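Chemist: sequence-free structure coming up:
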Ligand SMILES: Nc1ncnc2c1ncn2[C@@H]1O[C@H](COP(=O)(O)OP(=O)(O)OP(=O)(O)O)[C@@H](O)[C@H]1O
Ligand SMILES: O=C([O-])CC(=O)C(=O)O
Ligand SMILES: [Ca+2]
Ligand SMILES: [Mn+2]
């Protein structure tokens, strides 16, 4: 039976919590007020000691005592290391192809779903479970996804490290005591045996890492990577399957709301500014990375934020800075051995240093994390070529064109192996997480924007005055002013002119932003180089879009034609 249709289907293969152990203050391994043993009907699961939904304090104790490289920083965060993998491994993400997923999912060129068969999944599952069974303890988290109470998903995460348990404690929605008592059977389970590799001689394997998703079994297995983002984004993939089946659009976006109830969505690939720009001291934070847009409005999927912290500064990003306190997980940062002061400029472990904290750590988080229909849809691109304007207003067809293109310069580190910015296209600003064909999500977005009258914007948070290497990144302060003008509505009132090639509408002025930077040609000293670079980027866009020219978007062909015409002309 398909996953999306079996919300309350009882499941035999996941463990069920039956009995609580005694609380013992003298031993860190037993200091748990609520440590149930697990009763399993799946004979493969024989976890001896289950540490169930521990508190942050308990998880700190386990991490510091048993996990090499775990320390408490000067602000009280738990600093830890993810091992050899410090970013996601998209080339090792596999999905079981069966009778249902064969027709439902996006496969083949451009798709993130690398196929595997059921038998191989079971081999990897057995390997993960055998590894977890060998440990003298496992951590189990029972939590929720999605703040929309009617579409909440129950997730269970079985992991080997306190770091992973605390990470998910922060990133998923934390159940109340009552909700936990009545938790019942999870809708989805992750077995994270990340410290243990897959067997490279197993069919389909191409490395010692494999992240395997089996939709019908409602399970994911992780082998050979301890990077915690795999769990978060693995569950996001699951939501990208489940929610559209309920006519709910799942989005790789940040989201916030003004005092007057105006909601903005921030789309963009990794490192383009979703977290930075949705965390805005003057607005309510709904979420920084994963949302749903239903008939009722928007809802955050997660219970926490996962902020990049390379070069983090107290002045530029005060709310994120202050969230890095007791309870927050700091991944792969470097700190002074004695003072435990973190050096956020240090990239020696990775560029992709991260902080995971519960959303309540942001003072103006909106709890529950839900809001009305969006007024503005902001597409963020970090343009390493430096030719896209800092801001342009988009019509619906242009919004769809840029949403489907999903352009950015991938910023170093979040995906394993990428070390410096390169131009990249990722459909729906998150192809790595899509389960269905991109045009399915695009059609839903178009329909929702049209119905609710949302305005689309393209904001370049990348380079100005030249490409990466010669120009410089647009000042965050300017980008914030641009975003302020979008939120307040003042940007709708100014004059616009249309750029050549991309046909983008650019404003003549934005409050407190130097007008000369608004048209990027002004910022380049070498105008020929600018024109060449512009043409080059336009060519890349056209090339990329060719794969989509044979698909219809939405009910009527008119929109499809408009979208095709909304790209660059050269
Ligand atoms: N003009 C700018 N606008 C936005 N961010 C900027 C700008 N200049 C520099 N930055 C930096 O770029 C980074 C943006 O990262 P952010 O965490 O917001 O990415 P993200 O879109 O949330 O990615 P992910 O999906 O990987 O979490 C931050 O480190 C921020 O300080
Ligand atoms: O998934 C991660 O590791 C970080 C993230 O948010 C992204 O890449 O979009
Ligand atoms: Ca983010
Ligand atoms: Mn993300």
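Modeler: Yep, that arrived. Source: prediction; values computed, not measured. Ligands and ions are numbered 1, 2, ... in the order given.
Chemist: pLDDT on stretch 105-116, on average?
Modeler: Stretch 105-116 shows a mean pLDDT of 95.
Chemist: So the residue in the stretch 1-150 of the chain that ligand 2 sits nearest to versus residue 446, what's the distance?
Modeler: Closest residue of the stretch 1-150 of the chain to ligand 2, C-beta to the nearest ligand atom: residue 88 (4.8 Å). (Glycine included, C-beta is placed from N, CA and C.) Taking C-beta to C-beta, to the nearest Å as the measure, residue 88 and residue 446 are separated by 29 Å.
Chemist: does the residue of the stretch 1-150 of the chain closest to ligand 2 really touch residue 226, like I thought?
Modeler: No: at 11.9 Å, residue 88 and residue 226 do not qualify as touching, with contact defined as C-beta atoms under 8 Å.
Chemist: chain center to stretch 533-549: distance?
Modeler: 26 Å (C-alpha atoms, centre = their mean, to the nearest Å).
Chemist: Check which residues of that stretch are buried.
Modeler: Using 16 or more other C-beta atoms under 10 Å as the test for burial, stretch 533-549 gives 533, 534, 537, 538, 540, 541, 544, 545, 548.
Chemist: between those, which is nearest residue 376?
Modeler: Proximity of these to residue 376 was ranked by C-beta to C-beta; the top entry is residue 541 with 23.1 Å.
Chemist: Now the closest one. Nearest residue, chain neighbours left out?
Modeler: residue 568 (5.3 Å; C-beta to C-beta, 6 or more residues apart in numbering).
Chemist: count of residues packed around the one you found?
Modeler: Counted with other C-beta atoms under 10 Å, residues neighbouring residue 568 total 21.
Chemist: helices or strands up against the strand or helix carrying residue 355?
Modeler: Per DSSP states H and E: residue 355 is located in strand 354-358. Helices and strands touching strand 354-358, by 3 or more C-beta pairs under 8 Å, 6 or more residues apart in numbering; DSSP states H and E, are helix 162-171, strand 304-308, helix 318-323, strand 329-331.
Chemist: For that strand, give me every contacting residue.
Modeler: 77, 167, 169-171, 174, 228-229, 303-309, 312, 320, 323-325, 327-332 (C-beta atoms under 8 Å, 6 or more residues apart in numbering).
Chemist: what comes up buried for it?
Modeler: 354, 355, 356, 357, 358.
Chemist: how about the residues of the stretch 251-400 of the chain near ligand 1?
Modeler: 268, 270-277, 288-289, 306-308, 310 (C-beta under 6 Å from any ligand atom).
Chemist: Of those residues, which belong to helices?
Modeler: Taking DSSP state H, the ones among those that sit in helices are 274, 275, 276, 277.
Chemist: Out of these, flag the one nearest to residue 504.
Modeler: Distances from residue 504 to these, taken by C-beta to C-beta, are shortest for residue 277, at 19.4 Å.
Chemist: The closest one contacts residue 478, correct?
Modeler: No: at 12.0 Å, residue 277 and residue 478 do not qualify as touching, with contact defined as C-beta under 8 Å.
Chemist: Which pLDDT value belongs to the closest residue to residue 202 other than its chain neighbours?
Modeler: Spatially, and ignoring its direct neighbours in sequence, residue 202 is nearest to residue 123 (5.6 Å; C-beta to C-beta, 6+ apart). Predicted confidence (pLDDT) for residue 123: 97.
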